[in-house]
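Asker: Have a look; sequence and predicted model below, questions after that.
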Amino acid sequence: MTYRMILNQTSYFGRGALANLVPELKKREYAKALIVTDKGIRNAGTLDLVTKALDEGNFAFEVYDDVVPNPPVEDVQKGVEALKASGADVLIGLGGGSPQDTAKAIGIIGANPEFADVLSLEGVADTKKPSVPIVGIPTTAGTASETTINYVITDTKKQRKFVCVDPHDIPVLAIVDPDLMDGMPRSLKVATGLDALTHAIEGYITPGAWELSDAVHLKAIEMIAANLRKAAEGDKDAVEKMGYASYIAGMGYSNVGLGLVHGMAHPLGGRYNAMHGVANGILLAPVMRYNAEYTGEKYRDIAHAFGFEGAYKVSLEEAREEAVNAVAQLTKDLGNPLKISEVGVTEEGLDDLAQDAFDDVCTPGNPRPATKEDIRALYASLL
């Protein structure tokens with residue numbers, strides 16, 4: 001068996017890490033940046049922190065801030081035109097998953113214009129050239145797009161999200177500065193934190209996992225279990241730890257894949273515009289229970305990471321139940337929705353959701369094979 005790991009060339013972590021942005025850009029001999037972000041980042045003042053650093057470093061830039069949650073094909077295409085018009089030779093993806101994913105799609109098409117329809121990037125596209133260089137600067141602790149080879153775009157015409165997997169899209173530089181994360185509203189801290197937890201758990205139990213991915217995923221689970229509740233309430237140290245945990249989980253899942261939670265969450269975003277982390281939070285514990293008998297001893301480790309001292313002493317069945325219950329309790333404590341009806345799903349929508357989830361690129365990474373009927377039943381249990 002051969003395993004592959006693809007990681008950033010360079011990453012900076014810690015409060016004040018943004019100070020490394022301009023020196024790195026100049027060292028790499030870039031001339032002008034296009035910042036890809038959204039109106040929320042601008043209105044929160046976070047964009048100003050980045051533009052101030054660029055101004056003080058005398059580095060030219062323009063801003064494309066039309067990104068929206070669950071970014072559609074059309075916004076990517078507008079971003080490609082903005083890149084061409086700007087003359088920029090480097091992209092800065094500033095924000096959560098939506099701006100960073102949009103930056104990746106823009107960068108890939110900028111270097112590979114034959115994929116300008118965007119839709120042809122779905123799955124593992126045969127791009128020939130590396131993306132226009134990307135700097136990933138997260139303002140949330142969840143997606144870890146700054147260190148992954150994945151991005152997700154929405155086909156609004158078909159009401160579906162599609163996943164793109166491309167080693168050419170990984171940012172050359174990541175800057176994880178918790179100073180940019182403190183201002184997240186509580187709801188976003190919860191949603192992105194549950195997304196990070198889902199990455200860590202799904203990456204830990206997928207059949208493609210191996211020793212190195214296991215090491216980073218288990219550490220991420222441990223850090224999230226210890227810090228997400230506190231981060232949601234504004235504890236700055238916990239916010240910082242969540243930023244690192246998100247990145248650590250991204251190092252792993254980007255290389256080994258995800259599973260049915262993501263496969264089922266994507267249609268909730270595509271058809272109902274559900275926030276991705278919220279959808280993951282609804283699904284994580286129920287899908288963990290569905291998968292339990294197909295995960296070997298790994299739920300013992302998850303239970304232990306959540307603080308269950310008897311994880312390696314009790315029966316495997318009890319350890320598995322403790323792991324599932326710990327995740328379910330965390331989700332409940334955080335106030336995340338627990339039913340898909342809370343994001344607008346009705347009985348009439350289940351067949352389409354099940355088909356979309358069955359077809360999703362993440363679903364084959366699940367440790368327990370799932371038929372379309374299995375998936376529909378899981379959705380139905382959460383109405």
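Answerer: Cool, got the structure. Residues are numbered from 1 along each chain as shown.
Asker: could you measure the residue positioned nearest the centre of the chain against residue 196, distance?
Answerer: Centre of the chain computed as the mean C-alpha position; nearest residue by CA atoms, centre = their mean is residue 143, 2.3 Å away. Using CB to CB, to the nearest Å, residue 143 is found at 8 Å from residue 196. Glycine gets a C-beta too; all of them are placed from N, C-alpha and C.
Asker: Now do the shared contacts for the two.
Answerer: When contacts are counted by CB atoms under 8 Å, 6 or more residues apart in numbering, residue 143 and residue 196 are jointly contacted by residue 246.
Asker: what's the pLDDT at the closest residue in space to residue 263 that isn't next to it in sequence?
Answerer: Nearest non-adjacent residue to residue 263, counting by CB to CB, 6 or more residues apart in numbering: residue 363, 3.4 Å away. pLDDT, residue 363: 98.
Asker: now residue 363: how far from residue 356?
Answerer: Residue 363 is 10 Å from residue 356, by CB to CB.
Asker: higher neighbour count, these two?
Answerer: Per other CB atoms under 10 Å, whichever of residue 363 and residue 356 has more neighbours is residue 356, with 24 against 21.
Asker: does that one count as helix, strand or coil?
Answerer: helix (DSSP: H, G, I helix; E, B strand; the rest coil).
Asker: And the pLDDT for it?
Answerer: pLDDT, read off for residue 356, is 97.
Asker: do the same with residue 83
Answerer: So residue 83 comes in at 98 (pLDDT).
Asker: Which helix or strand contains it?
Answerer: helix 73-86 (DSSP states H and E).
Asker: how about the strands of this structure, start to end?
Answerer: For the chain, applying DSSP state E gives strands covering 10-13, 32-38, 60-67, 90-95, 134-138, 150-155, 160-165, 173-176.
Asker: With distance to residue 106, mean neighbour count and mean pLDDT added, can I get those in TSV?
Answerer: Formatted as TSV, those follow (distance: least, CB to CB, whole Å; neighbours: other CB atoms under 10 Å; pLDDT from 0 to 100):
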stretch	distance to residue 106	mean neighbour count	mean pLDDT
strand 10-13	21	16	98
strand 32-38	6	25	98
strand 60-67	8	19	97
strand 90-95	6	28	98
strand 134-138	9	28	98
strand 150-155	10	24	94
strand 160-165	12	21	93
strand 173-176	16	25	98
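Asker: would you list the ones you listed in JSON lines and tack on distance to residue 255?
Answerer: Output for the strands of the chain, formatted as JSON lines (distance: least, CB to CB, whole Å):
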{"stretch": "strand 10-13", "distance to residue 255": "15"}
{"stretch": "strand 32-38", "distance to residue 255": "24"}
{"stretch": "strand 60-67", "distance to residue 255": "26"}
{"stretch": "strand 90-95", "distance to residue 255": "20"}
{"stretch": "strand 134-138", "distance to residue 255": "16"}
{"stretch": "strand 150-155", "distance to residue 255": "10"}
{"stretch": "strand 160-165", "distance to residue 255": "10"}
{"stretch": "strand 173-176", "distance to residue 255": "15"}
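Asker: quick one on the thing from earlier: I'd like to check what contacts the helix holding residue 83. Which residues are they?
Answerer: By CB under 8 Å, 6+ apart, the list of residues contacting helix 73-86 reads 32, 34, 36, 62, 64, 66-68, 91, 102-103, 105-107, 109-110, 116-119, 132, 153-156.
Asker: Same question for it: list its buried residues.
Answerer: Along helix 73-86, these residues count as buried under the neighbour rule (16 or more other CB atoms under 10 Å): 73, 75-80, 82-83, 86.
Asker: which pair in these spans the largest distance?
Answerer: Largest separation among the buried residues of helix 73-86 by CB to CB: 73 and 86, giving 20.4 Å.
Asker: Now do residue 147 against residue 17, distance only.
Answerer: Taken as CB to CB, the span from residue 147 to residue 17 is 14 Å.
Asker: and if you look at residue 297?
Answerer: For residue 297, the distance to residue 17 - CB to CB - is 37 Å.
Asker: who has more neighbours, these two?
Answerer: residue 17 (19 against 11).
Asker: I'd like to know how far the nearest residue to that one once chain neighbours are set aside sits from residue 138.
Answerer: Sequence neighbours aside, residue 177 is the residue nearest to residue 17 in space, at 4.1 Å (criterion: CB to CB, 6+ apart). Residue 177 sits at a distance of 9 Å from residue 138 (criterion: CB to CB).
Asker: And residue 102, by the same measure?
Answerer: 14 Å.
Asker: Ok, residue 213 next?
Answerer: Taking CB to CB, one finds residue 213 at 21 Å from residue 138.
Asker: Residue 376 reaches residue 350, doesn't it?
Answerer: Yes - contact between residue 376 and residue 350 holds when scored by CB atoms under 8 Å: they sit 5.4 Å apart.
Asker: Who are the contact partners of residue 124?
Answerer: 165-166.
Asker: Which residue, other than its chain neighbours, is closest to residue 97?
Answerer: Residue 97 sits nearest to residue 143 (CB to CB, 6+ apart), 3.2 Å away.
Asker: if I look at that neighbour, how far off is residue 3?
Answerer: 23 Å.
Asker: residues near the spatially closest residue to residue 374 that is not a sequence neighbour, how many?
Answerer: Closest residue to residue 374 apart from its sequence neighbours, by CB to CB, 6+ apart: residue 290 at 7.7 Å. Residue 290 has 22 neighbouring residues, counting by other CB under 10 Å.
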